[in-house]
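# Mind folding the following:
(chains A and B)
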Protein chains: 2
Amino acid sequence: MPKEKELVFGHKNPDTDAVSAAIAYSYLQNQLGYNTEAVALGEPNLETKFVYDHFNVKYPRIISAINGEVKKVMLVDHNERQQSVSDIDDVEVTHVVDHHRIANFETSLPLYYRAEPLGCVSTIIWKMYLEEDVEIPGQIAAIMASSIISDTLLLKSPTTTDEDRVALKSLAETAGIDYESYGLEMLKAGTNLDSKSTQELIDMDAKSFDMNGTSVRVAQVNTVDVDDTLKRESDFIKDIKAENADKGYNLFVLLITNILTSDTTGVIIGDTDPIAKFEQALNTKVEDNKAALPGVVSRKKQVVPPLNELF
Amino acid sequence: MPKEKELVFGHKNPDTDAVSAAIAYSYLQNQLGYNTEAVALGEPNLETKFVYDHFNVKYPRIISAINGEVKKVMLVDHNERQQSVSDIDDVEVTHVVDHHRIANFETSLPLYYRAEPLGCVSTIIWKMYLEEDVEIPGQIAAIMASSIISDTLLLKSPTTTDEDRVALKSLAETAGIDYESYGLEMLKAGTNLDSKSTQELIDMDAKSFDMNGTSVRVAQVNTVDVDDTLKRESDFIKDIKAENADKGYNLFVLLITNILTSDTTGVIIGDTDPIAKFEQALNTKVEDNKAALPGVVSRKKQVVPPLNELF
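Alright, predicted model coming up:
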């Protein structure tokens, strides 16, 4: 009997890793006998569009809910239900591959769950290909390599581990790319912000967190010139305020990260108490809605954990 | 710099797998450079005592709380916080190896999490030894094989997978035991109930579950003669009622399982509504506090999921 079909997907507001890990994991599971299809929970961002055009890879079908299409799903690059399809509670999660904390996640049945604190989910999936002795096709190796470059900012983010380094070298070789020069080109393609509205920018790579009852939204924008990006500061502030009112966020943190210098300027809007907690957690001062965050490039490693600790 | 010490442990009311998986995983992590000590969250049960005496393995140090001894811990065979040390929220969980559902578990940092829906955690740890190419010492192979025999009732429980079968054969070979004859002897040793009070029996292998606000306790006792065990029925009922009043359980399910015929008789005590839900979930009738559960041997696979579904 053929296996029941399952969908495989990464988080909402997908970045390069969320989509590419879904494709890579779905392909691996197909080889192991599962009947799966990779889908994406949103349009490609600028960087992902560059990657998929560059390697001529078809972007997956986009969905926002399961709507009864399947009964079982596999998650990559996320587990918190607010980052997933809207009706995640109506389906059974059978597999998860992730590199984030575990929270707001619960199953009634035993499942496959593989998390490792590495820089990129594609690194974990690369290890699984090796363990299962499955060959990685060139195009899949290319988008997995791109994911590692994206998540680790070309191996410069503090989330980078030795395993990410080894995986990137191996995948780049399989894909036949010079990852240093390709990587810079790719990261720069992702920072072409002028074509995007401020509303699009604050939503493009944003994640919601329920921190002990406080609703926190953390968005990140990569750039090669923070001052240039901040020319639209008043528009950012207006849009974030509207977003907070509309979605009920108590704290909105927009991280504007310079990928060349590895520094961040935060735009911080929210209620008084969460802002005070943000200042304490990040050891900074919010003035005119802005905070300097030198050396900060990783939301997952340098922003969410200290916030979570305080809330 | 030497690594900071971490404790490794299974769930409260430990069974053979909870203790042996902690020992096996701690040994593996030691080989990989971690500084760990396996501990147990309680005294050995009859079966575990038989196993550790038989192979001359030292039972680990017993703790009930961390009490500031370490900052980081590794969990095996459980993740739900009510099944762990009392002060689990005060420490960082860095690793989990488990074969249960995920619930009531949350971290603020990324971690290693390896869950697979197999019959026994020792089977997963056996796979990890192979992946890491670490040799399994004979004594550790012996207690891992015993764990698989215990969790799968000598490969007869519906939780048994092909991987459990392969792992048991391989581990038995490493340990130099005939797992069929040793397994029967071991399971029978675990059913020597006469030496235990009914109070001890309802607590020996019992787990608590928070099911959407309803506090459910499910205990299991293995026997080779259910009628003989039920000669103490009135004592069981008295002790369970006292336990419910004392601990605030809304539903107490005692599974008396015949390991030779793979059938169970349940002793069910609790509030009216949870009992009605139990009847519906397990498709049975509770009469005189008892319910027939033919073919039921697995709490994890045949009792907890249908209950969880209804609550």
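
# hey, C-alpha coordinates of the longest strand along chain A in CSV?
Using DSSP state E to define each element, chain A has its longest strand at strand A:214-223. Provided in CSV are the C-alpha atoms of strand A:214-223 (Å, rounded to 0.1, in the frame of the first residue of the first chain):
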residue,chain,number,x,y,z
THR,A,214,3.7,39.1,26.4
SER,A,215,3.3,39.1,22.6
VAL,A,216,6.7,39.9,21.1
ARG,A,217,7.5,40.4,17.3
VAL,A,218,11.1,40.3,16.2
ALA,A,219,11.8,41.3,12.5
GLN,A,220,15.2,41.4,10.8
VAL,A,221,16.4,43.2,7.7
ASN,A,222,19.9,42.7,6.3
THR,A,223,21.6,45.7,4.7
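
# Report the mean per-residue pLDDT for the next helix or strand after it.
Scanning forward in sequence from strand A:214-223 by DSSP states H and E, the next helix or strand is helix A:226-229. If you average the pLDDT over helix A:226-229, you get 91.

# repeat for stretch A:250-262
93.

# Can you show me the helices along the stretch 51-200 of chain A?
In the stretch 51-200 of chain A, the helices defined using DSSP state H, counting those that start in this stretch lie at A:121-132, A:138-152, A:162-175, A:179-190, A:198-204.

# what residues does the last one touch?
Right, helix A:198-204. A:13, A:45, A:193, A:196, A:219, A:221, A:232, A:235-236, A:238-240, A:243, A:252, A:254 (CB atoms under 8 Å, 6 or more residues apart in numbering or on different chains). Yep, even glycine has a C-beta here, placed from its N, CA and C like the rest.

# picking that back up, out of the helices of the stretch 51-200 of chain A, deepest packed?
Ranked by mean neighbour count under mean count of other CB atoms under 10 Å in any protein chain shown, the helices of the stretch 51-200 of chain A are led by helix A:138-152, which reaches a mean of 26.

# Narrow the contacts of helix A:198-204 to those in helices?
A:Asp235, A:Phe236, A:Lys238, A:Asp239, A:Ile240, A:Glu243 (DSSP state H).

# hang on, the earlier thing: give the buried subset of the contacts of helix A:198-204 as a PyMOL selection command.
For the buried members of the contacts of helix A:198-204, the matching PyMOL selection, counting by 16 or more other CB atoms under 10 Å in any protein chain shown, is:
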select buried, chain A and resi 13+45+193+219+221+232+236+239+240+243+252+254
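
# Quick check: which of the contacts of helix A:198-204 has the minimum pLDDT.
Out of the contacts of helix A:198-204, that is A:Leu193, at 83.

# In contact with it: list those residues for me.
Residues in contact with A:Leu193 (CB under 8 Å, 6+ apart) are A:Leu201, A:Val221, A:Thr223, A:Thr229.

# Isn't A:Gln280 up against A:Phe311?
No: using CB atoms under 8 Å, A:Gln280 is not in contact with A:Phe311, being 10.7 Å away.

# which parts of chain A sit against chain B?
A:99-117, A:131, A:300-301, A:304-305, A:308-309 (CB under 8 Å from any CB of the partner chain).

# Which members of the residues you listed come out as buried by neighbour count?
Buried among these by 16+ other CB under 10 Å: A:99-103, A:105-117, A:300-301, A:304-305, A:308.

# which SS state does A:Lys207 fall under?
strand (DSSP: H, G, I helix; E, B strand; the rest coil).

# Neighbour count: A:Gln280 and A:Phe311, which is higher?
A:Phe311 (20 against 13; other CB atoms under 10 Å in any protein chain shown).

# Now do the domain split for chain A, please.
As assigned by the TED database, chain A contains the domains A:6-191, A:198-310.

# what number of residues lie near A:Val97?
26.

# Revised request: answer the last question for A:Thr284.
If we define neighbours as other CB under 10 Å, then A:Thr284 has 17 of them.

# Please identify the helix or strand for it.
Here A:Thr284 is covered by no helix or strand, with elements defined by DSSP H and E.

# Number of residues surrounding the residue nearest to it when sequence neighbours are not counted?
Distance criterion CB to CB, 6 or more residues apart in numbering or on different chains; nearest residue to A:Thr284, sequence neighbours excluded, is A:Ala291 at 4.5 Å. Neighbour count of A:Ala291, defined by other CB under 10 Å: 21.

# A strand includes A:Ala291, no?
Yes: under three-state DSSP, A:Ala291 sits within a strand.

# Which stretches in the stretch 1-150 of chain A count as strands?
A:6-9, A:36-38, A:72-76, A:92-98, A:112-115 (DSSP state E, counting those that start in this stretch).

# of the ones you listed, which approaches A:Gly270 most closely?
When the strands of the stretch 1-150 of chain A are ranked by proximity to A:Gly270, the top entry is strand A:92-98, at 27.3 Å, counting by CB to CB.

# what comes up buried for the closest one?
A:Val93, A:Thr94, A:His95, A:Val96, A:Val97, A:Asp98.

# where does chain A have low pLDDT?
A:1-2 (pLDDT under 70).

# Secondary structure class of A:Ile256, three-state.
Criterion first, three-state DSSP; result for A:Ile256: strand.

# Taking the stretch 151-300 of chain A, what residue is nearest to chain B?
Closest residue of the stretch 151-300 of chain A to chain B, CB to the nearest CB: A:Lys300 (6.9 Å).

# who's in contact with that residue?
Here A:Lys300 is in contact with A:His99, A:His100, A:Thr159, B:Pro110 (criterion: CB under 8 Å, 6+ apart).

# Out of those residues, which is nearest to B:Lys127?
Out of those, the member with the shortest distance to B:Lys127 (by CB to CB) is A:His99, at 20.5 Å.

# I'd like to know how far the closest one sits from A:Ile88.
Plainly put, A:His99 is 19 Å away from A:Ile88 if you go by CB to CB, to the nearest Å.

# How far does stretch A:194-212 stretch from one end to the other?
With CA to CA, to the nearest Å applied, stretch A:194-212 spans 36 Å between its terminal residues.

# Now find how far off-centre that stretch is within its chain.
Chain-centre distance of stretch A:194-212: 12 Å, with CA atoms, centre = their mean, to the nearest Å.

# swap in stretch A:92-111?
For stretch A:92-111, the distance to the chain centre is 17 Å (CA atoms, centre = their mean).

# Count the residues that sit near the residue lying closest to A:Val134 once chain neighbours are set aside.
Leaving aside its chain neighbours, A:Val134 sits nearest to A:Gln31 (4.8 Å; criterion: CB to CB, 6+ apart). Counted by other CB under 10 Å, the residues lying close to A:Gln31 total 12.
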